[in-house]
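Enquirer: fold the following.
(chains A and B)
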Amino acid sequence: MKDHLTVPELERTCRELRRHVVSMIHTAQSGHPGGSLSAAEFVTACYFHAMDVDPQNPRWPDRDRFVLSKGHACPAQYAALAMKGFFELSVLDTLRKEGSILQGHPDMKKCPGIDISTGSLGQGLACAAGMALAGKLDGKAYHVFAALGDGECDEGEIWEACGVAYKYQLDNLVAFVDWNGLQLDGPCDEIMPTLDLAKKFEAFGFETYVIDGNDMQQVVDALDAACAARNGRPKCIVGRTVKGKGVSYMENQVGWHGVAPNDAEYAQAMRELNAQQDERRANER
Amino acid sequence: MSEPKMIPTRNGFGDEIVALGRENRDILVIDADLGKSCKTGEFKKQLPAQYLNVGIAEQSAAGVAAGLAACGKTPFVVTYAAFGSMRMVEMIRQEACYPNLNVKLACSHGGFTPAADGASHQSVEDLGILSSIPNMTVIMPADYVSARRLVRAAAEAHGPVYLRFTRDAMPVLYGDEESFAIGKAKLLRDGRGAAIIANGDTVHLALEAARLLAAKGIETRVLDMHTIKPLDTEAVIAAVNDTGKIVTVEDHNVINGLGTAVSAVVAELGRGVVRRIGVQDHFGQSAPYERLMELSGITPAAIAAAVEAL
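Expert: Below is the predicted model:
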């Protein structure tokens, strides 16, 4: 079942998702807010616009697949799954706790709606290519969406997987690079320069779309175009994003890669995210 | 006695995978540009729609296999033991073993069998590396027939399996009618003097050692421990109870291979003695296969001497 939300509705959904992300990481006092918030528009647009999934039947063979290659951003995916109805919203409070279905990195055996376990970086695109290949072999129409971090594009396996996607003409594969410019130890350009990621994916055979990855309209348009073009080429949406997007003190701060907010910081983050909601409502009136 | 037929166990994989693929279109082969060496040529020819070659890119071979397995396929990733166990091992751990997916690793050129290629291509560590990952099953067949049967068993078993084959020809030890179960050792010869527990390309050496010992009046039990994990602990315990003395033989480092696995069972049992014959924690070199085995003391004479010394 696909959702058919308008862009303003998707933006509202995305702000709700951001609040869940901050809230669950605060409750857990552990997790990765920066990269979860930068990818929020893409995750929201996938689950509430592009993807055909059934929360009542998470293993439905014809469903679209989502691979969170940057597995540490799972709070964003968990929030989307809960909001979608794969499990109760209250489960979000169990993030990273013993016995939880919401492991520190996604676990397909524990959590409904997770299509492949990830966490070790650089591995998701190859898995997504395998899923896309399976779709081709079985003559199924589903798409596979893969969210990649810019930092994890340091890993060679990403580029090995591009070869597979190109060779086997996986036009049912849609990758997204969350190009927020920061990795764990510092800015990408200091740690390991990414160079022009769009040109790199283009050179590896992908059809690329360069967008503002935090602009919902642009994300939706890119997803629509990427899904519609069954032209034998894998797709890569290269999204320029802001790490920590939506929480002022986290934005573009390396330090918020993998740190949980304390109570005061949490209160400020929720005030800011609620204010953004109110502001949008006022504008829409 | 007529001379047994000599066939590399990698041929057993190459032949059985075709049969499996013809029966089940979800059986896939993923090559990483070593298909000719690993005997997937016939599969590629007969079943092109089930055949992939991802190039010299073992890491994505493993990841692609996991994605396929997550969609109901049973992919066999094919490469050499050294690369299947090391170049892609973290992807296998994360994407095949942790989610317990149906990814099978079929690796030729196990142990010292890629002899002339030298240490870079030989594998003295692979069985230990793979054995220590939860959910992984680890198998090394001794001959062509058992290779075919165990490839089939691996395809039918749920979860990840590592299969190690030989580049070199090995004597065919089993008749076509013989059946094999994962985790169940094969009794090839019985005796109460000692037990020789071997796997893969050392099983025929163990049998030869048993013949040498029999000529001296020492009757030994010979077990083909084709599955290292899960180990047939019952067979090990029975060997201790019946003989009290075990010699293990393997074309692998004695650290973390068959000898270590058997020793752990015996140590916990609290009785019985074990001697481990195998690679004594060193790399190989370019040399004839038989010479490399001899340099590591993996010969019928050395096995027989170890039994007599116990």
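Enquirer: residues touching residue B:43, list them.
Expert: When contacts are counted by Cβ atoms under 8 Å, 6 or more residues apart in numbering or on different chains, residue B:43 touches B:14, B:17-18, B:21, B:29, B:50-51. C-beta: built from backbone N, CA, C; applies to glycine.
Enquirer: which two of those residues have the greatest separation?
Expert: B:14 and B:50 (14.3 Å; Cβ to Cβ).
Enquirer: between those two, tell me which one has more neighbours.
Expert: residue B:14 (25 against 22; other Cβ atoms under 10 Å in any protein chain shown).
Enquirer: quick check: the more buried one touching residue B:36?
Expert: No: the pair residue B:14 / residue B:36 is not scored as a contact, 10.3 Å apart, by Cβ atoms under 8 Å.
Enquirer: what sits up against stretch A:243-254?
Expert: A:15, A:18, A:22, A:33-35, A:37-38, A:40, A:180-182, A:184-187, A:214, A:242, A:256-257, A:265, A:268-269, A:272-273, A:276.
Enquirer: select only the buried ones of these in ChimeraX?
Expert: Here the buried members of those are turned into a ChimeraX selection, burial being counted by 16 or more other Cβ atoms under 10 Å in any protein chain shown:
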select /A:15,18,22,33,34,35,37,38,40,180,181,182,214,242,256,257,265,269,272,273,276
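Enquirer: which residues of the stretch 51-200 of chain A lie near chain B?
Expert: For the stretch 51-200 of chain A, the contact set with chain B under Cβ under 8 Å from any Cβ of the partner chain comprises A:61, A:67, A:107-109, A:115-120, A:123-135, A:137-138, A:144, A:156-157, A:160-161, A:163-164, A:167-168.
Enquirer: tally of neighbours for the closest residue to residue A:63 other than its chain neighbours?
Expert: Excluding its sequence neighbours, the residue lying closest to residue A:63 (Cβ to Cβ, 6 or more residues apart in numbering or on different chains) is residue A:53, at 4.8 Å. Burial measure for residue A:53: 24 neighbouring residues, criterion other Cβ under 10 Å.
Enquirer: got the contact list for residue A:53?
Expert: Counting by Cβ under 8 Å, 6+ apart, residue A:53 makes contact with A:1, A:47, A:60, A:63-64, A:84, A:113.
Enquirer: again with residue A:234
Expert: Contacts of residue A:234 (Cβ under 8 Å, 6+ apart): A:129, A:132, A:162, A:165-166, A:169-171, A:173-175, A:205-207.
Enquirer: of the residues you listed, closest to chain B?
Expert: Comparing these against chain B with Cβ to the nearest Cβ picks out residue A:129 as the nearest, at 5.4 Å.
Enquirer: surely that closest one is in a strand?
Expert: No: read with DSSP: H, G, I helix; E, B strand; the rest coil, residue A:129 is helix and lies in no strand.
Enquirer: I'd say it and residue A:173 touch.
Expert: Yes: look at residue A:129 against residue A:173 with Cβ under 8 Å: they come within range, at 6.1 Å.
Enquirer: what separation do you get for the one residue in the stretch 151-300 of chain B that gets nearest to chain A and residue B:104?
Expert: Closest to chain A within the stretch 151-300 of chain B is residue B:159: 11.7 Å, counting by Cβ to the nearest Cβ. Note on residue B:159: its distance to residue B:104, by Cβ to Cβ, to the nearest Å, is 9 Å.
Enquirer: quick one, which of the two is more surrounded?
Expert: Neighbour count, other Cβ under 10 Å: between residue B:159 and residue B:104, residue B:104 has more, with 27 against 17.
Enquirer: residues in contact with that one?
Expert: Contact partners of residue B:104, counting by Cβ under 8 Å, 6+ apart, are B:74-77, B:154-155, B:160-161, B:163.
Enquirer: my read: residue A:140 touches residue A:60, true?
Expert: No: counting by Cβ under 8 Å, residue A:140 does not reach residue A:60; the two are 11.0 Å apart.
Enquirer: hmm, residue B:121 is touching residue B:113, no?
Expert: No: counting by Cβ under 8 Å, residue B:121 stays clear of residue B:113, with 9.4 Å between them.
Enquirer: mind listing what residue 139 touches?
Expert: Here I'm looking at chain A. Residue A:139 neighbours (Cβ under 8 Å, 6+ apart): none.
Enquirer: not what I meant, chain B
Expert: If a contact means Cβ under 8 Å, 6+ apart, then residue B:139 has B:150, B:154, B:161-164, B:182, B:226-228 as its contacts.
Enquirer: just residue A:200 next, same as before
Expert: A:153, A:194 are the contacts of residue A:200 under Cβ under 8 Å, 6+ apart.
Enquirer: ok, 6 Å please
Expert: Listed by Cβ atoms under 6 Å, 6 or more residues apart in numbering or on different chains, residue A:200 has no contact partners.
Enquirer: mind listing what's buried along the helix or strand harbouring it?
Expert: Residue A:200 belongs to helix A:197-203 when assigned by DSSP states H and E. Within helix A:197-203, the residues that qualify as buried are A:197-198, A:200-201, counting by 16+ other Cβ under 10 Å.
Enquirer: what strands line up against the helix or strand just after that helix, and which way round?
Expert: Of the helices and strands lying after helix A:197-203 in sequence (DSSP H and E), the nearest is strand A:207-212. Strand pairing for strand A:207-212, using DSSP bridges, gives strand A:235-240 (parallel).
Enquirer: for the chain, which segments are assigned as helices?
Expert: Assuming you mean chain A. Using DSSP state H, the helices of chain A run over A:7-28, A:33-38, A:40-45, A:74-84, A:124-137, A:156-167, A:188-191, A:197-203, A:216-228, A:263-284.
Enquirer: if you could check chain B rather than the one you did, that'd help
Expert: Under DSSP H, chain B gives helices at B:9-23, B:35-38, B:41-46, B:58-70, B:81-86, B:89-91, B:126-131, B:144-156, B:203-215, B:233-243, B:258-269, B:289-295, B:300-309.
Enquirer: single out the most deeply packed of these.
Expert: Across the helices of chain B, averaging neighbours per residue (mean count of other Cβ atoms under 10 Å in any protein chain shown) puts helix B:58-70 on top, at a mean of 31.
Enquirer: that one and chain A, any residue contact?
Expert: Yes: counting by Cβ under 6 Å from any Cβ of the partner chain, chain A is contacted by helix B:58-70 at B:59-60, B:63-64, B:66-68, B:70.
Enquirer: max-length strand in chain B?
Expert: strand B:245-253 (DSSP state E).
Enquirer: between that strand and helix B:300-309, how many degrees?
Expert: Interaxial angle, strand B:245-253 versus helix B:300-309 (axes from the mean of the first three to the mean of the last three Cα atoms, to 10 degrees): 150 degrees.
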